[in-house]
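Enquirer: Give me a model of this one.
(2 chains)
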Amino acid sequence: MALNDLFTQELKVINMGLESFHDELKSQHVQTVQVAWKPRAGGSQKMLSLLNKLKKVSSSKEKAG
Amino acid sequence: MLGALIRKNAYYDSVTLMLISQDLKEQAGVQEVLVGMGTELNLDLVRNLEMFSPELEPVGPNDMFIAAKFDEQQTSFQAIETAFDELISKKSADSNGNYQPPTLKSALRQLPDANLVQISIPGQYASAEVEEALNAGLHVMLFSDNVPIEDELRLKKKAVEKGLLLMGPDCGTAIINGVPLCFANAVKRGKIGVVGASGTGTQEVTTLIDKLGEGLSQVIGTGGRDLSEAVGGLMMLQGFDALITDPETEVIVLISKPPAAAVAKKIYDRAKTSPKPVVIDFIGGDAQAIREAGAYPCLSFEDAAAKAVALLRGEPVQDQDSLRMADSALEELLTAELGRLQPEQTKLLGLYTGGTLADEAMKFLGQKTAIYSNIPLSPELALENMPAAGGHLILDLGEDQFTRGRAHPMIDPLTRSEFFSSRVDGQTAIVLLDLVLGYGSHADPAKAVVQSVLEARARLAREGKDLVVVASVTGTDQDPQDLGSSTRTLKQAGIIVMPSNAQAVRLVSRMMEKMHSGAENGA
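Expert: Residues are numbered from 1 along each chain as shown, chains lettered A, B, ... in the order given. Predicted coordinates for the structure are as follows:
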């Protein structure tokens, strides 16, 4: 999406984090979805790095396939 | 009596938990309570409040905890827990029970034509989410701070390649297509476009443009580090280019603290070829270099707004360099206000929620006298170097050192209330402050300031003293808090309200001159 295209579109927002920001957007009738965000891999760095490795493997398989 | 509990793997955002902590503190019999995620920072706070109990030993950063100190004659920990559950379920009900997808990918299935992601999760997790958003072709508003600068550079390069905005990290304000994001004001739409690297500075300029009767096309934030040598102004240049080609924008305003020299040069080079007039407020930047680039340098945020409006209207562009008050009215005001002070009341205390506004105040007042601060103009003026006998002090209450375990003072006015209690003393003559309205900010910051001022005055009255309070309000009449009613609330409490931070600062400067000359004449 080119930057100036954004200026001609209706703004639609995915909000991740403070719900008050989501509420403010809704109060202005902006279309918005709140993500029920939680730290990936329960915040475990070890688990996160394993997941990232898996992700890389699966994306390279997808490309190869 | 102490009580504590842990809820494993329960995640709530920090603002929600802070607001709930405040509500719980108001329950009968509750002496102190802290609800938070089990981060080291929060656990330090629990220890400092002497509320750490063995139940909290197993808590981890992904667990939520409640720690409380209470009077067992009046309440129980069970009652506090029940109150917490009621508050949190009320909060969820407020969010109208809509399904909340757990990831960006699933959110995109719910809103497939989303074009922007607003991210305010803890900084250490933010880069991965930003990367995913950019890969999905989405613009990003990144409010989170504590994002490594290497990540910022890498992700901004990616954004530029893809023609996307990455506003942030640590970006507090933007208005895209008329929609205020994070902390921003309800301003008219119009023909002035802004790219800003400093949040409250941008809010001040945009609200003043609105007050002057003009409107904004786009307000693009960059985050405070964008114009550092490391990041190279990637987003300011990207935003600048976008405004140059945007047919709605006729005048461009750029706002930042002074950039790294190499970055400033890139911006000046771009300004030289801009077909649209460019106003540059680099808050104490090199005015001559800006002029040589064919752009308009500024003396203050107020000056930036006035110049942008003059350029848009084809009117002469003049420096706004004076206090806009008739001499007789000024003299009357000075006599009345300063006449209520005792001779030993000589000190200025600035209590700012907006860091850039505090900086603007110091740059002006600091030319004539030493101003100590937690964001000092030079290292010898750091807060810890303030003489025991006292000195003039301007604080940015939004800095991390004052917001540990609580929300930014624009959301939670308690921080400033506490500074009124601890810092206003028998030497204080003038309190200078800002009130930043708009989306994201506290629902009624004027009321909190008035309460603090009344308490401070009552305390000083016992020593036969009074206090001069000068404020400015960054906001518009369309803001949820309403500029007009906030201003009236302040004025009714005897607070002098000036039309901009620059005007408030200029008035305070005249007050300090008068106090100084009075002291000399008296000696």
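Enquirer: Residue B:248 and chain A, how far apart?
Expert: Separation of residue B:248 from chain A (CB to the nearest CB, to the nearest Å): 7 Å. Where you see a C-beta, it was placed from the backbone N, CA and C, and this is true even at glycine.
Enquirer: Could you say which helix or strand holds that residue?
Expert: Assignment of secondary structure by DSSP states H and E places residue B:248 within no helix or strand.
Enquirer: Isn't it up against residue A:7?
Expert: Yes - with contacts defined as CB atoms under 8 Å, residue B:248 counts as touching residue A:7 at a distance of 7.0 Å.
Enquirer: any shared contact partners between those two?
Expert: B:217-218 (CB atoms under 8 Å, 6 or more residues apart in numbering or on different chains).
Enquirer: Of the two, which one has the most company?
Expert: residue A:7 (20 against 17; other CB atoms under 10 Å in any protein chain shown).
Enquirer: For the more buried one, which non-adjacent residue is closest in space?
Expert: Leaving aside its sequence neighbours, residue A:7 sits nearest to residue B:246 (CB to CB, 6 or more residues apart in numbering or on different chains; 5.7 Å).
Enquirer: Spit out the contact partners of the one you found.
Expert: Contacts for residue B:246 were tallied using CB under 8 Å, 6+ apart; they are A:4, A:7, B:193, B:217-218.
Enquirer: what's the pLDDT at it?
Expert: Looking at residue B:246, its pLDDT is 97.
Enquirer: Over to the one 5 residues further on?
Expert: According to the prediction, residue B:251 has pLDDT 98.
Enquirer: Look up phi and psi at it.
Expert: Main-chain dihedrals, residue B:251, degrees, to the nearest 10: phi -130, psi 140.
Enquirer: repeat for the one 10 residues further on
Expert: Note on residue B:261: backbone dihedrals following degrees, to the nearest 10 are phi -60, psi -40.
Enquirer: What count of nearby residues applies to it?
Expert: 10.
Enquirer: Please report the distance of it from residue B:294.
Expert: To residue B:294, residue B:261 is 19 Å away according to CB to CB, to the nearest Å.
Enquirer: can you check residue B:233 too?
Expert: For residue B:233, the distance to residue B:294 - CB to CB - is 18 Å.
Enquirer: These two: who's more crowded?
Expert: It is residue B:233, of residue B:233 and residue B:294, that has more neighbours when counted by other CB under 10 Å, with 28 against 13.
Enquirer: what pLDDT does the closest residue to the more buried one other than its chain neighbours get?
Expert: Nearest non-adjacent residue to residue B:233, counting by CB to CB, 6+ apart: residue B:263, 4.1 Å away. If you check residue B:263, the pLDDT there is 96.
Enquirer: residues in contact with the helix or strand hosting residue B:263?
Expert: Using DSSP H and E, residue B:263 maps to helix B:261-272. Residues from elsewhere that reach helix B:261-272, judged by CB under 8 Å, 6+ apart: B:227-229, B:232-233, B:236-237, B:240-241, B:254, B:258-259, B:278, B:280, B:282, B:285-286, B:289-290, B:292-295.
Enquirer: List the buried residues in the helix or strand harbouring residue B:302.
Expert: Assessed by DSSP H and E, residue B:302 sits inside helix B:301-313. Buried residues in helix B:301-313, counting neighbours by 16 or more other CB atoms under 10 Å in any protein chain shown, are found at B:301-312.
Enquirer: Can you classify the closest residue to chain A within the stretch 201-350 of chain B as helix, strand or coil?
Expert: Closest approach between the stretch 201-350 of chain B and chain A, counting by CB to the nearest CB: residue B:242, at 4.6 Å. Using DSSP: H, G, I helix; E, B strand; the rest coil, the secondary structure recorded for residue B:242 is helix.
Enquirer: Now do the helices in the stretch 201-350 of chain B.
Expert: Secondary structure of the stretch 201-350 of chain B, counting by DSSP state H, counting those that start in this stretch: helices at B:234-245, B:261-272, B:287-292, B:301-313, B:327-338.
Enquirer: Contact partners for the residue in chain A that chain B sits nearest to?
Expert: With CB to the nearest CB as the measure, residue A:17 is the residue of chain A nearest to chain B, at 3.1 Å. Applying CB under 8 Å, 6+ apart, we find residue A:17 in contact with A:37, B:13, B:118-121, B:143-144.
Enquirer: TSV please, covering these and showing neighbour count and secondary structure.
Expert: Below are the contacts of residue A:17 laid out as TSV (neighbours: other CB atoms under 10 Å in any protein chain shown; DSSP: H, G, I helix; E, B strand; the rest coil):
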residue	neighbour count	secondary structure
A:37	23	coil
B:13	18	coil
B:118	28	strand
B:119	29	strand
B:120	25	coil
B:121	22	coil
B:143	29	coil
B:144	24	coil
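Enquirer: what stretches of chain A score poorly on pLDDT?
Expert: A:1-2, A:41-45, A:47-48, A:55-56, A:58-65 (pLDDT under 70).
Enquirer: Going by residue numbers, what spans are strands in it?
Expert: For chain A, applying DSSP state E gives strands covering A:13-16, A:32-35.
Enquirer: so which of these is the most packed in?
Expert: Neighbour counts (mean count of other CB atoms under 10 Å in any protein chain shown) averaged over each of the strands of chain A peak at strand A:13-16, with a mean of 28.
Enquirer: what helices or strands is that one leaning on?
Expert: If you count contacts as 3 or more CB pairs under 8 Å, 6 or more residues apart in numbering or on different chains; DSSP states H and E, strand A:13-16 packs onto helix A:19-27, strand A:32-35, helix B:104-110, strand B:116-119.
Enquirer: try 6 Å this time
Expert: helix A:19-27, strand A:32-35, strand B:116-119 (3 or more CB pairs under 6 Å, 6 or more residues apart in numbering or on different chains; DSSP states H and E).
Enquirer: longest helix of chain B?
Expert: As assigned by DSSP state H, the longest helix anywhere in chain B is helix B:501-522.
Enquirer: List the buried residues of that helix.
Expert: B:501-509, B:511-512, B:514-515.
Enquirer: And stretch B:113-127, by the same measure?
Expert: Going by 16+ other CB under 10 Å, stretch B:113-127 has these buried residues: B:114-123, B:125-127.
Enquirer: Please identify which of the residues you listed is nearest to chain A.
Expert: residue B:120 (3.1 Å).
Enquirer: my guess is that closest one meets residue A:18, correct?
Expert: Yes - checked against CB atoms under 6 Å, the pair residue B:120 and residue A:18 is within contact range at 4.4 Å.
Enquirer: Quick check: which ranges of the stretch 51-200 of chain B have low pLDDT?
Expert: For the stretch 51-200 of chain B, the ranges with pLDDT under 70 are B:92-97.
Enquirer: what residues does it put near chain A?
Expert: B:61-62, B:100-102, B:107, B:110-111, B:113-121, B:125, B:137, B:139, B:163, B:176-177, B:179, B:182 (CB under 6 Å from any CB of the partner chain).
Enquirer: Can you give me the domain assignment for chain B?
Expert: B:2-94, B:171-313, B:327-522 (automatic domain parsing).
Enquirer: Just say which of these is most tucked in.
Expert: domain B:171-313 (a mean of 22).
Enquirer: so how far is the first residue of that one from its last?
Expert: 30 Å (CA to CA, to the nearest Å).
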